[in-house]
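Enquirer: Fold the following for me, if possible:
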Amino acid sequence: MVLGEDSKKRLQQQVDFIVEIDKLKQILRRNYLVDGSRRENDAEHSWHLALMAVLLYEHAREEVDLLKVVKMVLIHDIVEIDAGDTYCYDDVPKEERLKLERKGAERIFGLLPPEQAREF
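Expert: Alright, predicted model coming up:
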């Protein structure tokens, strides 16, 4: 299959995003694995949360759009590549944290084709 220029550009943007989000594996969270052996990274956290959503959504008291939930939990910490791990007891003011996360979201999701960037 031969890709047109638009398809090549789109694919390159998606690959660039995939390469960038690999950095999520380097962001250590403050919490430890259940066995206490080491700190969890953001990628592990997102994966674990997504699997929990898939397993436990049947217990929701209201109708749940599982695909939407899984997308949300898989991308919710991507901004931490730029902003760092958000910890509820940090001394960083909430407004400053939001600015850092918004800036990270604009940069990282901006790597994607426009409609995917908007969705994320």
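Enquirer: Every contact and neighbour count from this point should use C-alpha atoms.
Expert: OK.
Enquirer: Packing partners of the longest strand belonging to the chain?
Expert: Criterion DSSP state E: the longest strand present in the chain is strand 28-32. Judged by 3 or more Cα pairs under 8 Å, 6 or more residues apart in numbering; DSSP states H and E, the packing partners of strand 28-32 are strand 39-41.
Enquirer: Let me know the next secondary structure element after the strand it packs on.
Expert: Per DSSP states H and E, the first helix or strand lying C-terminal to strand 39-41 is helix 42-56.
Enquirer: Using PDB, write out the CA atom coordinates for that next one.
Expert: C-alpha atoms of helix 42-56 as PDB (Å, rounded to 0.1, in the frame of the first residue of the first chain):
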ATOM      1  CA  ASP A  42       3.100   6.600  35.400                       C
ATOM      2  CA  ALA A  43       2.800   4.100  32.600                       C
ATOM      3  CA  GLU A  44       2.300   1.200  35.000                       C
ATOM      4  CA  HIS A  45      -0.200   3.300  37.000                       C
ATOM      5  CA  SER A  46      -2.200   4.100  33.800                       C
ATOM      6  CA  TRP A  47      -2.200   0.500  32.600                       C
ATOM      7  CA  HIS A  48      -3.300  -0.800  36.000                       C
ATOM      8  CA  LEU A  49      -6.100   1.800  36.300                       C
ATOM      9  CA  ALA A  50      -7.300   0.900  32.700                       C
ATOM     10  CA  LEU A  51      -7.400  -2.800  33.600                       C
ATOM     11  CA  MET A  52      -9.300  -2.100  36.800                       C
ATOM     12  CA  ALA A  53     -11.900   0.000  34.800                       C
ATOM     13  CA  VAL A  54     -12.400  -2.900  32.400                       C
ATOM     14  CA  LEU A  55     -12.800  -5.400  35.200                       C
ATOM     15  CA  LEU A  56     -14.900  -3.400  37.600                       C
END
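Enquirer: What residues of the helix or strand just after that helix count as buried?
Expert: The helix or strand immediately downstream of helix 42-56 is helix 66-75, counting by DSSP H and E. By neighbour count on 16 or more other Cα atoms under 10 Å, the buried set for helix 66-75 is 70, 73-75.
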